[in-house]
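Student: model the following, please.
(2 chains)
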Amino acid sequence: MLNGVSGEAPSCRTGEAMSPRRVAVVGGGFAGVAAAWAFRKRNLAVTLIEDRAGSSEFYSGIVYGDVAAYAEASRNFAEELGLWRSWSLESRANSQVNDASVGEWNASTQGIVVPSIAADRAILNLAEVAGKRVGVADLGRDDMNAKLLAAVLAEQSWARKTHTQFVAVPVNGLKLSNERRIPVADFAALHDAPERTAWLAAQLSEHTGYDAWLLGPWLGVDEDVAARLRTELGIPVGEVGSRPGGTAGARWSCARSKMLARWGVVPERARLVRVTLTDTGAQLSLQPDEGEGRILEVDAVVLATGGVAAGGIVMEGSLAHSHSERLKLSYLAPLELELDGDVLSASDPSLPLALQSDLGVLERIGVGSHIGIHSHIGQSAHEPFKGRLEVAGDMLAGQSRTVAAAVTSGIAASERLLSRFEK
Amino acid sequence: MGTPLLQISRDTDVDVVVIGAGVNGAGVARDAALRGFRVALLERNDIGFGASGNSSGMIHGGPRYLSHNPDVTHSSCLDSGHIQRIAPHLLFRIPFLVPMYGKAGLLSKLTLTAYDAFFDLYDDYQPLKHGKPHARLSADELATLEPGLAETQGGVTFDEWGIDGVRLCTANVTDAVERGAVFYNHTTVTEILRGEHGRVAGVRYRDRLSGRVGEISAPVVVNATGAWAPITTALGNLSPKSAAIRPGKGIHVFLDRRLTNYAIVCNAIDGRQVFLMPWQNMSVLGTTDDDFYGNPDEVLATHDEVRYLFQAIHRVFPAIDQARAIGTWGGVRPTLYGWGGSEDSLSREHEVVDHKAHGAPGLYSMIGGKLASYRLFAQEMVDELARAFGKSIACSTHTTALPGGADTVEPMSLVLQGGMEAVTATRLEYRHGDRSLRILERMQQDPREAVVVCPCEPVTEAEIRYTVQQEWATDVEDVSRRTRLGLGACGGMRCAVACGRIVAQMKELSPSVGTRMGLKFLQAAAKRRLPTLGPEQARQEAFALACLRSELGER
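Tutor: A predicted model of the protein is given here:
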């Protein structure tokens, strides 16, 4: 179990001299933070630039995919972050319902049961309750229709295979009527207070005949409320996955800030508007929401600004010049995106055709590949950018958009830059 | 009066079969039902699926006809007044600005004076539709009203009314059914049956969802299928040319919020007039008009069309570059056929084709028309039927309120009784008028149904259930058309799957069927958004995908 965070302050403990290299990481999601952490571990000075919350805040608390590459490093990162209960180094992608009581099986907010490699420590591991009678607590909050959820869960092939029952149970869990509608992370934060957790435990214990409790994502933001409830009630208690932008995102946000602070990284809020590659490094033009923009000169940069959202950055420099138009997304300029190696334009009839067959096609689009960076994990960057620029996370084309892939690609990007520095 | 051309007979299932539940078909069904005819209405896709639900959403008075055909302007304005009386909840005022550009000097002054004089004439008709008279504005006044405008040489204003086309169609269908008509949604006519002497005998149909087939006998079939009109006549073994139209594709781009206080008219690169207008809780940029040769079931905007509109509006409202386009509408106008002449110069008039001339007595096609004059067109059609049947029953569609339009409901009372937020209540009242009280009743019976499922619009669970139960919605796309669920800033990423589950529950289907309905909606919406992908929307796409991953897990 990886519960908790190591207490030491790691930033200067190695006693090594600070590296003279300066690096920048653009994007404060899973990929960017993993890259920044990997640099700081090797004593480089890191500037972390971020504009605003991105799709990492939308994650459900459940981590899919696998960590085939950089497995140990990603596990260290997971441990450092202290957000997840486990971090499986084995791929779960091919897990069958036959393994229904092995590893982690979690329910998403919509009640879809899928195997995962890691889950937020408050999320119920269904593998523990296979074949049992699970009470789905209906607190009457707007964000969860327990009856419908129990029906969806019961319909899942995992539940049918394991003969697990899900029963919606009305539970008096709201103290004030406005708690029905307050934002989910605020409601979860109420349970950080021990007396509130104790009250909820008392309410749940009034209903007997259930082997476990499944609740909405309401069990604390800072504290491990699920663990407290398990102790009080003596049975498994946990959550379904969070809705996008819900409690899991808030927990990630808190854990991230704490970890960055421990490593002495202060995120700077600005939008990256231009990257100019020079002979020795990169120049970044940064624009904060208010006030003057500034130029940041670094030896290398990792771009991790998210999927198609990376649009808007203009690449400059002799090598990249011919591609600068391509990266610019604008209504007035043609838009081109790369899809599995083919460059498609939004005006290209084949793009809507591709969409017709598969919504997931947008998943496979990467903006990073426009400038010739393909960087699938383990592969190196396009030759002209080696040692100066790397791309991580959802900006990469052709990789799955998972937290696991973001973390590994962030570590991979920093490792590749570090190995160039050492030469 | 001599012998009637058509006979009403108890031997047939109905007196009139109407094909197409766009605004014309729904209007005819309502009018005929009000006059006591037995009516069956069949719709291949969904209510307002074609041009009616994809128009600019205006009940305008037709200023463009003023110079050459002022009678059309008069009747348009008069009918706009009627529609306000029968469905007051559905109309909202859209003041227009026409800014003048060019060098300061005599020429621009003269142009402005000419516009001023033109709208002086239009002002004479404005009282018919409760519109305000126009005003001539200086450059400074324009800049005060709409600070985002590029520097102008002054301009003029005029006043029009906006409407939600699908709501208008739904209200007409609902009223027709409440007055005895039978409505078959998602049901396509496979053949127009012919009897002795080529006389129309009814239709054969297939329900596209269940596959069920059947026949309805009737002495009259009205083809109100808009862009599909030539295809429909072919189902009766007539030449498609007997109901010739010149299909004109028009697209609109919609943006995530009301960017301006007023609608702005300007010229595109080819001199055509295009506009940016605040419409419900978003902005609409339109429109194009191009000959269309494709499949009317599948009309998508292209990237070129979107850029044409952005380029035009960019000259007068530069901040449009920074705005976030969240989708497109594509529709095909069933314009009256004409060879030669640009698309814009074609008549927006309408006409009834009596296919007796083509050897098919009893078959009529409604060709052309526009949203603003639907009621008048329907009246003309049913007048002709009444004459043919030898009945003289007067039309009352201009004096009888549409469902929801009879009484005024104060949105605040919905807030107090249903525990809704004010904006939820306002939007609910807009769409349903006094029928919003029926949705309120659902919430009072089960407070769970007051939950907002689509936070952008916003749409409650009770309203979704009401559209399935009372308004013939069968999937997420149908609910979206009636309620605007999933058409807001987030593109349905937070509500489509949840809505699908509710629809499935109402129809006693498994939740996984509901999930698939939600995904189908999202896929269609992504296709409509793709041509608009700009910097802001691209960012949102990444969120939408992250959202799906969160909600459904990796699949």
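
Student: can you report how many residues lie near the residue in the stretch 51-200 of chain A that chain B sits nearest to?
Tutor: Closest residue of the stretch 51-200 of chain A to chain B, C-beta to the nearest C-beta: residue A:55 (3.3 Å). For glycine as for every other residue, the C-beta is placed from the backbone atoms N, C-alpha and C. Residues lying near residue A:55 (other C-beta atoms under 10 Å in any protein chain shown) number 28.

Student: dihedrals phi and psi, it?
Tutor: phi -70, psi -10 (degrees, to the nearest 10).

Student: hmm, it is touching residue B:548, no?
Tutor: No: with contacts defined as C-beta atoms under 8 Å, residue A:55 does not count as touching residue B:548, sitting 10.7 Å away.

Student: wait, residue A:132 touches residue A:213, no?
Tutor: No: using C-beta under 8 Å, residue A:132 and residue A:213 do not qualify as a contacting pair, with a distance of 11.1 Å.

Student: low-scoring stretches of the stretch 301-450 of chain B, by residue?
Tutor: Filtered on pLDDT under 70, the stretch 301-450 of chain B yields the residue ranges B:345-348.

Student: can you pull out the strands in it?
Tutor: Here the stretch 301-450 of chain B has its strands, by DSSP state E, counting those that start in this stretch, at B:325-336, B:350-354, B:363-368.

Student: now do the same for the residue in the stretch 151-300 of chain B positioned nearest to chain A: its pLDDT.
Tutor: In the stretch 151-300 of chain B, the residue that lies nearest chain A is residue B:300 (6.4 Å; C-beta to the nearest C-beta). Residue B:300 is assigned 88 on the pLDDT scale.

Student: hang on, isn't it packed against residue B:531?
Tutor: Yes: using C-beta under 8 Å, residue B:300 makes contact with residue B:531 at a distance of 7.5 Å.

Student: ramachandran coordinates for residue B:283?
Tutor: phi -120, psi 150.

Student: what sits against it?
Tutor: B:254, B:255, B:257, B:258, B:259, B:260, B:276, B:277, B:323 (C-beta atoms under 8 Å, 6 or more residues apart in numbering or on different chains).

Student: repeat the analysis, applying 6 Å as the threshold.
Tutor: B:255, B:258, B:259 (C-beta atoms under 6 Å, 6 or more residues apart in numbering or on different chains).

Student: hey, what's it bridged with?
Tutor: residue B:255, residue B:278 (DSSP bridges).

Student: how many residues are close by whatever residue of the stretch 251-400 of chain B ends up closest to chain A?
Tutor: Proximity of the stretch 251-400 of chain B to chain A (C-beta to the nearest C-beta) peaks at residue B:303, 3.5 Å away. Residue B:303 has 22 neighbours, counted by other C-beta under 10 Å.

Student: pretty sure it is touching residue B:531, no?
Tutor: Yes: judged on C-beta atoms under 6 Å, residue B:303 makes contact with residue B:531 at a distance of 4.4 Å.

Student: residue A:299 contacts residue A:282, correct?
Tutor: No: in this structure, residue A:299 is not within contact of residue A:282 by C-beta under 6 Å, at 7.9 Å.

Student: ramachandran angles for the closest residue to residue A:305 other than its chain neighbours?
Tutor: With C-beta to C-beta, 6 or more residues apart in numbering or on different chains as the criterion, residue A:305 has its nearest non-adjacent residue at 4.3 Å, and that residue is residue A:27. Main-chain torsions, residue A:27, degrees, to the nearest 10: phi 110, psi 120.

Student: what about residue A:27, distance to chain B?
Tutor: Distance, residue A:27 to chain B, by C-beta to the nearest C-beta, to the nearest Å: 12 Å.

Student: that residue contacts residue A:304, correct?
Tutor: Yes: Residue A:27 is in contact with residue A:304 according to C-beta under 6 Å; the separation is 3.7 Å.

Student: compare neighbour counts for the two and give me the winner.
Tutor: residue A:304 (34 against 31).

Student: next up, the contacts around that one.
Tutor: With C-beta under 6 Å, 6+ apart, residue A:304 has these contacts: A:27, A:31, A:32, A:392, A:393.

Student: related to what we said a few turns ago, who has more neighbours, residue A:132 and residue A:213?
Tutor: residue A:213 (27 against 17).

Student: count of residues packed around the closest residue to that one other than its chain neighbours?
Tutor: Nearest residue to residue A:213, sequence neighbours excluded (C-beta to C-beta, 6+ apart): residue A:237, at 4.4 Å. Per other C-beta under 10 Å, the neighbour tally for residue A:237 reads 26.

Student: again with the one 4 residues further on
Tutor: Close neighbours of residue A:241, defined as other C-beta under 10 Å, add up to 31.
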